[in-house]
Structures are given as structure tokens and as C-alpha cells.
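> below is the sequence, then the predicted model.
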Amino acid sequence: MPRDNIVEVPAASGAAPEGTAAILRGASTVLGSHVAAALLGIASLPVLAQTLGPGPYGRFSLFLTLLGVVTYQDFLRPLLVRVFSARSGDEAALRGLSSCVAWLLASVALAAGLALFTPGVALLFAVAVLAHGLASVDFARLARAGRVARAALVRNFAWGAAAVSAAGLAWQGGAETSLFVCALPFCVANVTILLIYRRAVSATSGGDVRATSASDATTALWPSAVALRGARAAWSTHRSEIAALIGFGLANALVVSADRFVALRWLEPQEFGLYAACADLASKLAIVGTAAGTVLYPSFARHAGGAHEAQRFVGLATRIMIGWGVVIALLVFSAGPLVELVLGPQYAAGRGLCALLFAASFVHMLGFLLTPWQRARGEFAPQTRAYAAAGVCMVAVGAILVPAIGLVGAVACACTARIAEVALLAREVRFLPAAALPRARLAALGSMAAGILALALWRFGEAA
């Protein structure tokens, strides 16, 4: 799903860093909308998985994975937010560039959709991607006005409503429900988000957001010759930053989708659907990490300079990881009953697979803590390198193991993605002094990870 790692959090009074409670209070709107959207997605999963069955559900899951991957390549959104908020660039030129990027991504989506789906589904895919791209300028304007939390709330609830609508349509149509019907609500959601953002921008007069003129709206929808010239100028001005954002987006896309495409290439449709359902169940845990990273980043961005802030970060991260480890251990232990309860008896063969995927989620949480901390220091290149290396390793592991051992190979491919978080942690170990990152805490973290993995392997062996 599309993600925006920028939220509205009030600045703390005084120079002292905020406490954990203050951070959570300031970001309650974002956190609440993330949790609500996650609950709606979790509620829709059993209906979709059990009603459609493994084969059709696999195609539906592939559609959502692709939609998230392609929309995440809207690399201009964070740049637009920064430039618009600082008023440090030619906004008209950036609007033209944003429109060009939106149409480029929509063309890529259409080509990929035609290769994998029916023409109708491919068209829905392209329209959804185009709407997301065209909304980026409006999102940046709302960010400048300090209304990012409201924008995030609109986005999260639109996607939650789409998941519930897809589940309702599948329930109504039964096992014969087409992919077009299930995909339609997500296209409608992105178009609705665009319209609501446009209305919010146009309705706001004065302050930091100006009403959108008719010519501005036309330029945003379809770039004119003037906008194209401005787009070229904007590209030249921000080339290095854009290149960094493109690299990070592509590396992230590889690491979140390589396992799906490797599984799609070598597994039978029923097996792919089984794997996709198990992976989707495990990925629902990521909403906790997404919310944590979104909530913590603004505070890290303001307070990422000295040893005191580093100690505070380590203390907060340690507490989060301990609590998360307890949750993951419980999920791993109950993976069998949970799979049959949520996904249904058709997916019973995935009990052991889910235990391993749940265990990998423990390490995954490190990424949601480390990347906001590193970005707050202005460091993006280490993340790009870590995710790119993990993605390449995933493809290699999957290409070897999936043809040889099937579903277990696909899970091994997915777990290989966690190399990225281990690499990011290793960098922090080198960067932070022992006083800020006590080695005893690292040993405790490693012991907890080893214990969760041992529990997952035991559960996997029982299921096998």
C-alpha cells in the first residue's frame, strides 16, 4: 500500500527532547488511523481468503502488492513536501514534473497490468497509480499547512474502506468473484483520496495554502508545454536528490516484492495463493512498525544530534523490541490455530510457514526503528545499499530454493529480506559508542531473536 513517512507532530516546548508519552500524544491521529486501517484490513482478510480460495486470492494479493510497489515509486512526494514547506524552489516547475512522473508511473502500471492481468484490471491498476501520483502536489500543500495528519487519516480510512468493500463484494459473489470486482474498490479509493485532497486545498484560503486555480488544476492533471519546460528545469535542479530517492524506492520495491515474483514464477497457482495468504497474514504485523516509524520520525528529526539523543533512542528502541518480541513469540506459538481461524482449513498447510514468517517480523521491526533514526541524521544511502543487497540475495535464494523445495523456498526467500535490517543494525553498532549502545543490550536482542527462531522452527517441524 502507499505510504507517507511524514506526519504532523507539534513541536515540543523548550529545547528538551519529548518523552515517549508526549510523542504518542502528538501523533495520536496518525497512530489511530493506522491502527484502524490495519484492523479493517485484518477483518477483510479472512473473508477474502476463505471466499476466493488460494488460487484467486493469490491473483488478488499480487494486484495489491504491485499497486503498493508502483505507487511507492512516486519518488517526488517527499521532495515536494520538503520544497513546498521551505518555499525553496520553483513550485510551478515541480508541479509539472510531478504530473509527468504520475503519467510515467501510470504507463508502467498499464504495461505491467496487461502482462499479468486482464485489460480491465490493468486499466484499474493504471488509474489507481495515476490518481496517487496526481495527489502528491496536493499532499505537499497540505503538509505545508500542517495538515499531514488529516491527509494520512483520509488515506488510511479510504484504504480500509476499500478492503472492507472488496471483502463484501467477494462475500456477495462467492468463489466466482472476478479480480476486477475485488480490485475496483482500491482504484476508487485512490481517486477519492485525490478528490478529497483537491477539495481540501481549494477550500483553504489564506495561510500557507492557496486556492487552486483552474489553470493550476489543468497543469496538475495533464502537463502543458510550459509545464514540461519547467519539469526539465526542476529535474536539473534536484537531480541528485531525485536520484537518491529513485534508488531508495527501487531498492525498497525489490525487497518487498521479490519473494512474490519468485514464487509466482515457480509455484503452481494454488501454491502461490497459499503462500500469498500466509505472507499477507504475517505482513499485517508490519502496520505496527509503520505506525511506530511514522510516529517517531518527527521527534528523531528534531533531536538526532548528540550522545544524549542516541541513548534515548536506544532506550526507546530496546523497550519496543522487548514488547514486540513477546507479541511475536505468542503469535509463533499459536500460528497453527491462527492460520485455520483466519485463513480457513484450505490454508492449513501454511501453519509452519506462518510460524517462520512471524519470526522474521521480529527482525523486520528493527527497520521501522532504525530507518527513521538514520534519516533524521540525513542518511539515506546506507538504507538504499542495505535494501538493494537484501533484494539481490532474495532473488538468488529464491531462484535456487523455490524450484527445488517449493513453498519452503519461497519462505526462505522472504526471510532473506531481513538481511537489510541486520546490516542497518551493524552500521549503528559501528556508529554509536558503547556508552550509547551497551553491548549487553545487543546480546539480549540477539538472544531474543534466537529464541523466537528456535520456537518457529519447532512449530514448523510439528506442522511438517
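Yep, it's here.

> burial measure for Pro382, as a count.
Counted by other CB atoms under 10 Å, the residues lying close to Pro382 total 17. Any C-beta I mention is one placed from the backbone N, CA and C, and that applies to glycine too.

> okay, the closest residue to it other than its chain neighbours and Glu421: tell me how far apart.
What sits nearest to Pro382 in space, not counting adjacent residues and going by CB to CB, 6 or more residues apart in numbering, is Arg427, at 5.6 Å. For Arg427, the distance to Glu421 under the criterion CB to CB, to the nearest Å works out to 11 Å.

> likewise for Ile193?
30 Å.

> just to revisit the earlier point, any shared contact partners between Arg427 and Glu421?
Each of Ala386 lies in contact with both Arg427 and Glu421 under the rule CB atoms under 8 Å, 6 or more residues apart in numbering.

> can you list the buried residues in stretch 97-104?
Using 16 or more other CB atoms under 10 Å as the burial criterion, the residues of stretch 97-104 that qualify are Leu97, Ser98, Ser99, Cys100, Val101, Ala102, Trp103.

> which SSE is the fourth one in?
In other words, Cys100. Assigning secondary structure by DSSP states H and E places Cys100 in helix 91-116.

> what packs against that helix?
In terms of contacts (3 or more CB pairs under 8 Å, 6 or more residues apart in numbering; DSSP states H and E), helix 91-116 is packed against helix 54-72, helix 76-86, helix 119-144, helix 214-221, helix 225-237.

> residues in contact with Leu45?
Contact criterion CB under 8 Å, 6+ apart gives Ala277, Asp280, Leu281, Lys284, Val342, Leu343 as the residues in contact with Leu45.

> kindly apply the preceding question to Leu432 instead.
Contact partners of Leu432, counting by CB under 8 Å, 6+ apart, are Ala310, Val314.

> and what of the one 5 residues further on?
Residues counted as contacts of Leu437 (CB under 8 Å, 6+ apart) are Ala310, Val314, Glu428, Val429.

> tell me which of those residues fall in helices.
Among these, DSSP state H puts Ala310, Val314, Glu428, Val429 in helices.

> isn't Ser99 right up against Leu134?
Yes. With contacts counted by CB atoms under 8 Å, Ser99 reaches Leu134, the gap being 6.9 Å.

> check what pLDDT Asp74 gets.
Among the per-residue scores, Asp74 holds a pLDDT of 86.

> and it, how many neighbours?
As a burial measure, Asp74 scores 24 neighbours (other CB under 10 Å).

> so who does it touch?
Contacts for Asp74 were tallied using CB under 8 Å, 6+ apart; they are Pro2, Val101, Ala102, Leu105, His132, Gly133, Ser136.

> and of these, the nearest to Phe261?
Ranking the contacts of Asp74 by separation from Phe261, with CB to CB as the measure, puts Leu105 on top at 18.3 Å.

> now for that closest one: which residues touch it?
When contacts are counted by CB under 8 Å, 6+ apart, Leu105 is found next to Val70, Thr71, Gln73, Asp74, Val129, Leu130, Gly133.

> mind putting those residues in JSON lines, distance to Ser85 included?
Formatted as JSON lines, the contacts of Leu105 follow (distance: CB to CB, whole Å):
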{"residue": "Val70", "distance to Ser85": "26"}
{"residue": "Thr71", "distance to Ser85": "22"}
{"residue": "Gln73", "distance to Ser85": "22"}
{"residue": "Asp74", "distance to Ser85": "17"}
{"residue": "Val129", "distance to Ser85": "25"}
{"residue": "Leu130", "distance to Ser85": "25"}
{"residue": "Gly133", "distance to Ser85": "20"}
